[in-house]
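Asker: Provide a 3D model corresponding to the input given below.
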Amino acid sequence: MLLAHGVGSKEDLPIPFGYALTGAGVAILVSFLVLLFLWREPRFDPERAGRPLPAPLARLIDSPVTRFVLRAVGLVATAYVVLAMVFGKDDALNPTAGVVYVLLWVGVPLLSVLIGPVWRLINPIRTLHLLLSRGMAVQPERGLSPLPSWLGYWPAAASLLAFVWLELIAPDNTSLTVLRLFFAVYLAAHLLAATWYGSRWFDHCDGFEVFSSLLGRLSVLGRRPSDGVLVLRNPLEGVASIAPVGGLFAVVGVLLGSTVFDSLSSSPSWVDFAQTSPLPPRVVSTLGLLTVVAIVTVAFAGASALTGRGTDQPPLRLAAEFAHSLVPIVAGYFVAHYWSLLVIVGQQTLIQLSDPLGTGADLLGTDGLTINGSLAGRTTTAVLQVAAVVTGHVLGVILAHDRAVRLLPRRHAIAGQIPLLVLMVGYTVGGLTLLFAA
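Answerer: Residues are numbered from 1 along each chain as shown. Below is the predicted model of the structure:
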């Protein structure tokens with residue numbers, strides 16, 4: 001089954017799981033203590049961070065020709081997948097589900113960690129909106145009405161929540177009928193909203209683009225906010241440059257909470273609970289997903305509010321200020337949770353893409369390839385899972401500490417961080433326990 005994520009087990013770790021769990025918690029605590037003594041002043045300054053790329057390379061990346069080619073690639077690739085979605089056979093050999101749940105949902109964000117916000121450059125809805133605006137002789141950025149500031153990232157959080165419900169709970173979620181309906185609604189909603197509000201809509205409100213852009217801040221390649229210059233930078237400087245816009249903590253809450261729920265829903269105790277509940281299993285799962293996302297999000301908002309005591313900022317503003325610290329944690333959980341799925345099913349999808357209509361064709365020349373599972377061995381996967389989760393949390397602690405010493409009064413800067421530290425240790429221990437209980 002496509003969504004049965006193959007993962008390592010406790011027995012596949014080279015050390016007992018209890019030691020791994022204890023070591024993960026200790027790593028977070030030691031990182032925090034080291035920061036207290038050696039990081040007393042804020043160090044991240046995104047406005048001046050990074051070393052500019054050589055001028056010829058920067059011009060090539062920013063050239064209209066490069067942008068045109070990338071948009072064209074995005075449209076052609078989308079049209080190719082739509083061909084399989086609309087006219088292909090609705091069976092296990094159709095590549096559409098693999099493209100959606102593996103290449104788009106997992107591959108594009110993780111690729112963004114390496115080279116920057118990929119989806120922004122190839123987003124087919126953004127390109128269709130651009131073409132529509134040109135046809136109407138209007139500026140794509142302006143739209144018909146200003147984008148309300150209060151919207152923030154909330155529409156992106158809602159669209160991501162809708163997608164994870166589709167991925168984890170919806171009946172027949174790999175069938176072409178369901179996928180056609182979802183993406184027809186998604187396309188119509190975002191294209192109409194962008195027509196009304198302008199292309200700024202995609203920056204904060206398109207779930208897939210927001211996800212790719214957030215993880216793209218972890219790339220060593222980025223732009224300085226002050227002058228837009230392309231630079232090579234410390235990835236944490238890129239994450240620190242994320243503006244504290246309303247709803248940002250809800251986006252990362254959905255992303256983190258959905259992976260936690262996916263691990264929880266695969267555990268024997270949850271399966272038994274769902275099967276014995278008087279409610280239909282999909283209702284139980286929907287309520288479970290909403291509950292887990294709410295717990296993860298509210299816990300973070302509460303810890304942020306406690307951390308910000310002593311300032312005059314409201315709780316939701318504080319949650320937005322510290323939400324960027326969850327970005328490397330989300331990346332870590334996605335690597336840990338989806339690695340084997342990306343490696344195995346990703347290769348399978350690339351092979352199936354050569355025959356989108358199920359006619360025996362080999363359009364891409366990949367039909368004769370076989371799946372190489374060497375990168376998804378059980379021991380390799382288990383070690384990678386622990387390393388990814390712990391690394392994500394250590395980076396999150398660093399980001400939270402730097403923001404705390406920047407925002408909080410000096411007398412409160414140390415003790416004030418304890419609520420977030422406790423939360424991150426809890427995320428680490430709970431996340432690893434659920435991951436290896438699945």
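
Asker: For residue 306, which non-adjacent residue is closest in space?
Answerer: residue 419 (3.9 Å; CB to CB, 6 or more residues apart in numbering). Placement of C-beta: from N, CA and C, glycine included.

Asker: Confirm the one you found sits in a helix?
Answerer: Yes: with DSSP: H, G, I helix; E, B strand; the rest coil as the criterion, residue 419 is located in a helix.

Asker: Was I right to think it contacts residue 301?
Answerer: No: counting by CB atoms under 8 Å, residue 301 is not a contact partner of residue 419; they are 11.0 Å apart.

Asker: Give me the helices and strands touching the helix of greatest length in the chain, please.
Answerer: Using DSSP state H, we find that the single longest helix of the chain is helix 378-407. Applying 3 or more CB pairs under 8 Å, 6 or more residues apart in numbering; DSSP states H and E, one finds that helix 378-407 contacts helix 17-38, helix 235-240, helix 315-322, helix 327-352, helix 418-437.

Asker: right, and these - which one's nearest residue 115?
Answerer: Evaluated over these, closeness to residue 115 peaks at helix 235-240, with 12.0 Å, by CB to CB.

Asker: give me the element residue 282 is part of.
Answerer: helix 281-307 (DSSP states H and E).

Asker: How about that helix, which residues are buried there?
Answerer: 284-286, 288-289, 292-293, 296-297, 299-301, 303-307 (16 or more other CB atoms under 10 Å).

Asker: repeat for stretch 46-60
Answerer: 46, 49-50, 53.

Asker: Look up how far residue 312 lies from the residue most central in space within the chain.
Answerer: Per CA atoms, centre = their mean, the C-alpha nearest to the average position across the chain is that of residue 211, at 4.5 Å. Noted for residue 211: a distance of 32 Å to residue 312, by CB to CB, to the nearest Å.

Asker: Next: residue 116.
Answerer: From residue 116 to residue 312 the distance is 36 Å (CB to CB).

Asker: So those two - more neighbours on which side?
Answerer: residue 116 (23 against 6; other CB atoms under 10 Å).

Asker: so who does that one touch?
Answerer: Contacts were defined as CB atoms under 8 Å, 6 or more residues apart in numbering; by that measure residue 116 touches 216, 219, 221-222.

Asker: Show the pLDDT at residue 72.
Answerer: As predicted, residue 72 sits at a pLDDT of 96.

Asker: what do you get for the one 5 residues further on?
Answerer: Per-residue pLDDT puts residue 77 at 96.

Asker: ends of stretch 410-422, how far apart?
Answerer: End-to-end distance for stretch 410-422, by CA to CA, to the nearest Å: 20 Å.

Asker: now stretch 315-332
Answerer: 26 Å.

Asker: list the buried ones in that stretch?
Answerer: Those would be 316, 318-332, for stretch 315-332 by 16+ other CB under 10 Å.
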